[in-house]
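Student: predicted structure and sequence below. I'll ask about it afterward.
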Amino acid sequence: MILTWYPDYCPIGNCVIEIEPDWSAVRRMALCPHHQNLKITLGLTDDQVFRAILASSRMKETARWAIKEELMKLGEMDKEHPGVPYTVEADGNFIIQSGKTGPTRTALRTLVATALAVVEKPTGTSTVTVN
Amino acid sequence: MGKALMVAGSLNALGSGNEVNLFGCINFSAAEANTQASATEACTFSKLGINIISGGSGTNSLRFRDAGVNGNQLAEIAGTGVVEDAVNTDALTAGDLFNLAYTDTGTNSGFSWIKSNVEFTTGHGCFTGVAAFAGLVFDIASATRFIGLSGTLEIDGNDVEAEVAFKARGYDTFEALQVRVIANARTNDSVFRNRINGADGTGVITFAAAATGLVTATGLADAITDGHTINASITLGTGVEDLTVTFVAATLKSSASKQDTWTADNFGGLVRAASATAHYFTLGGVLPTLTAYTEAQARIKPGFAGIASNLRCYLDTNTYTVNATLKLFQNGVDVMTTTITAAGGAAWYENTADTVTFDDNDEFSFEIIGGTSGSITIDMIGMTFAPAAAGGGATQVRFGSILDGIGSQNIFLGNRLQ
């Protein structure tokens, strides 16, 4: 069996990463222009850039879930909502679209910052901004 | 070698800017990435077509997309009707991503089917899957649920495997499985598996905590025995965080160049009260409401010559007081019947004897009629294609039908903004 992961958050194009079934290591990869540049610029190994790509997803998904949980508590989002939308900047960083302004957005930003504080961030991990 | 048929359907109308793919689906997405599937085998797509049956007041265009750029195929029509690109093809290498992009200049388009042929460069097979391209949440903690491989993707899957497991007669290899996830708040692994006859195959797709995107498991080569059922499963660990899925799809192959095609309702089934009114369904895609399509609207051209056989359906309830009939229509005429035996209960109902020869311009649909009183719950309707016999083959032969297992359940087959 060959397990291949196509992350869906590359700024342009797709990384194609063949991985061990337990995600413990990379077998081989073809990187998108952004992550190829990241690898070269930061001098990362294949495994390190894989860890950074996966950690980047943890950053955005942790932020998205924190926002969804809060919006569900406020009665403003249904449990079956498919997920708070986000955009990917050219530099690979994420903008989470909360759809809120003012004090609510400020509160969401605080919640997200707290949630992200405990997420491991290896070199090359993307950042998250809440709009 | 040879062509296979892929069919998509939906209960919803397409709006301009919707992205979709050749799987039955509940909803669409404006985010192309949500719909992109992997051609796990090198293959050529051809004869992209759509039957627009309502709305579509402007010019309606369905474009094949290859790795995020326009492919060659364009099925375009002004107003309603059937359109097919009979000229252009799109050849993909293994691992290329494909999907369909719909645009129009008028009102949304209700459709009965989208179809395409696919021909593998090596061997014979097809891609088949279930989708909800805007995403559906799976969050049942510490449980395994089951997912069909045609029809619609349903929230949290189905806890009754028999209701989604299709009896295979043509496919003999489960070659690959693929899953796309657009949101993943899980803090542990989420595991998808291919299932054959109620047991795990060798395909295991694990989504690590928080990982999103498309994951494919290829090179499985799991054998499917004639009559065994095929489907997928999802197992979540502890916690109720979201795993949002847009599609689950399989690559199925046949060493005899056969294909199974089926339409399905993967959650709860479609209830049909006994009636003298005939109801019509497409060869693949989704089971819509009973009156969604006329026979003409349900007709699909497989696009190749062959022999059709094994007309069958799985019902999870059957309290009809008089036999009803599942029929195969060829060019508007019924050519094969399968008896839905009265009070047969949860079971497969199959005609294992009759065959019908067809050419590459013939069109097929399914019909169910009869029952007098009582009702059935339809989970799957399908049949099998085989290559045309050398020298033209036999014409239709009619015998009786066979019922399996009377009265018992015997199992034999991120939202990213762009």
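Tutor: Ah, there it is.
Student: any idea how far the most centrally placed residue in chain B is from A:Lys79?
Tutor: Ranked by distance to the mean C-alpha position of chain B (C-alpha atoms, centre = their mean), the top residue is B:Ser150 at 2.9 Å. Spatial separation of B:Ser150 from A:Lys79 under the definition C-beta to C-beta, to the nearest Å is 27 Å. The C-beta positions use only the backbone N, C-alpha and C, and glycine is treated the same way.
Student: kindly report the same for B:Val335.
Tutor: According to C-beta to C-beta, B:Val335 and A:Lys79 sit 47 Å apart.
Student: more neighbours, these two?
Tutor: The residue with more neighbours, out of B:Val335 and A:Lys79 and counting by other C-beta atoms under 10 Å in any protein chain shown, is B:Val335; that gives 21 against 10.
Student: what residue ranges in the stretch 1-150 of chain B are flagged as low confidence?
Tutor: The stretch 1-150 of chain B contains residues with pLDDT under 70 at B:1.
Student: flag every residue of it that's near chain A.
Tutor: Selection of the stretch 1-150 of chain B residues close to chain A by C-beta under 8 Å from any C-beta of the partner chain yields B:Ala33, B:Ser38, B:Gly68, B:Gly95, B:Leu97, B:Ala134, B:Gly135, B:Leu136, B:Val137, B:Asp139.
Student: which ones are touching the fifth one?
Tutor: Contact criterion C-beta atoms under 8 Å, 6 or more residues apart in numbering or on different chains gives A:Tyr6, A:Asn14, B:Gln36, B:Ala37, B:Ser38, B:Ala39, B:Asp66, B:Ala67, B:Gly68, B:Leu214 as the residues in contact with B:Leu97.
Student: can you pull the buried residues of the strand or helix carrying it?
Tutor: Take DSSP states H and E as the rule and B:Leu97 turns out to sit in strand B:96-104. Neighbour-count burial for strand B:96-104, with 16 or more other C-beta atoms under 10 Å in any protein chain shown as criterion, is recorded at B:Asp96, B:Leu97, B:Phe98, B:Asn99, B:Leu100, B:Ala101, B:Tyr102, B:Thr103, B:Asp104.
Student: quick one: list the elements packing against whichever helix or strand comes after that strand.
Tutor: Counting by DSSP H and E, the next helix or strand C-terminal to strand B:96-104 is strand B:109-120. For strand B:109-120, the elements it packs on are strand B:3-8, strand B:43-55, strand B:59-66, helix B:295-298, judged by 3 or more C-beta pairs under 8 Å, 6 or more residues apart in numbering or on different chains; DSSP states H and E.
Student: please enumerate the strands of chain A.
Tutor: For chain A, strands defined by DSSP state E occupy the ranges A:2-6, A:16-19, A:26-30, A:86-88, A:94-96, A:128-130.
Student: now the contacts of B:Leu97: which count as buried?
Tutor: Buried members of those, scored by 16+ other C-beta under 10 Å, are A:Tyr6, A:Asn14, B:Gln36, B:Ala37, B:Ser38, B:Ala39, B:Asp66, B:Ala67, B:Leu214.
Student: and the residue nearest the centre of chain A, what's its pLDDT?
Tutor: Here the mean C-alpha position of chain A is nearest to the C-alpha of A:Ser57 (C-alpha atoms, centre = their mean), at a distance of 2.7 Å. At A:Ser57 the predicted local confidence, pLDDT, stands at 98.
Student: with B:Gln409 instead?
Tutor: The per-residue pLDDT of B:Gln409 was computed as 33.
Student: report all helices and strands that the helix ranked longest in chain A contacts.
Tutor: With DSSP state H applied, the helix covering the greatest number of residues in chain A is identified as helix A:46-73. For helix A:46-73, the helices and strands in contact under the criterion 3+ C-beta pairs under 8 Å, 6+ apart are strand A:16-19, strand A:26-30, helix A:33-42, strand A:94-96, helix A:102-116, strand A:128-130, strand B:173-184.
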